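*Asks:* Dropping the sequence and predicted coords here.
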Amino acid sequence: MAKKKIKIDKSLCIGCGACAGTYPDDIKMDDDGLATPINGVADEDAVDVCPVGAISVEE
Ligand code: SF4
């Protein structure tokens, strides 16, 4: 699956770590305990691992 530009809404993120655990090359947990993109891109399926819909793909 091609990597796409993603956005993580920190106001929605609950810091569960599922995204960073599944896509450690693309998403990391920030110092504030919330997820942040490493290079701004990730597999578009990363959207589906977030239980609260905080990750979105920017077309
Ligand atoms: S999966 Fe969603 S709620 Fe969990 S850390 Fe990632 S962005 Fe935050």
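*Replies:* Yep, that arrived.
*Asks:* Which parts of the protein are helices?
*Replies:* Assigned helices in the chain, in chain order: 18-22, 46-49 (criterion: DSSP state H).
*Asks:* what sits against the closest residue to Lys10 other than its chain neighbours?
*Replies:* Distances taken as CB to CB, 6 or more residues apart in numbering put Leu34 closest to Lys10, at 4.8 Å, once the chain neighbours are dropped. C-beta: built from backbone N, CA, C; applies to glycine. Leu34 sits next to Ile8, Lys10, Cys13, Gly15 when contact means CB atoms under 8 Å, 6 or more residues apart in numbering.
*Asks:* Which of the helices of the chain sits closest to Glu59?
*Replies:* Of all the helices of the chain, helix 46-49 sits nearest to Glu59, with 12.0 Å by CB to CB.
*Asks:* Determine the longest strand present in the chain.
*Replies:* Criterion DSSP state E: the longest strand present in the chain is strand 3-8.
*Asks:* Give the other helices and strands that that strand contacts.
*Replies:* strand 35-37, strand 41-43, strand 55-57 (3 or more CB pairs under 8 Å, 6 or more residues apart in numbering; DSSP states H and E).
*Asks:* okay, those strands in CSV with distance to the ligand next?
*Replies:* As requested, those are exported to CSV (distance: least, CB to the nearest ligand atom, whole Å):
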stretch, distance to the ligand
strand 35-37, 4
strand 41-43, 10
strand 55-57, 5
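*Asks:* can I get these in TSV with mean pLDDT?
*Replies:* TSV is the format used below for these (pLDDT from 0 to 100):
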stretch	mean pLDDT
strand 35-37	98
strand 41-43	96
strand 55-57	97
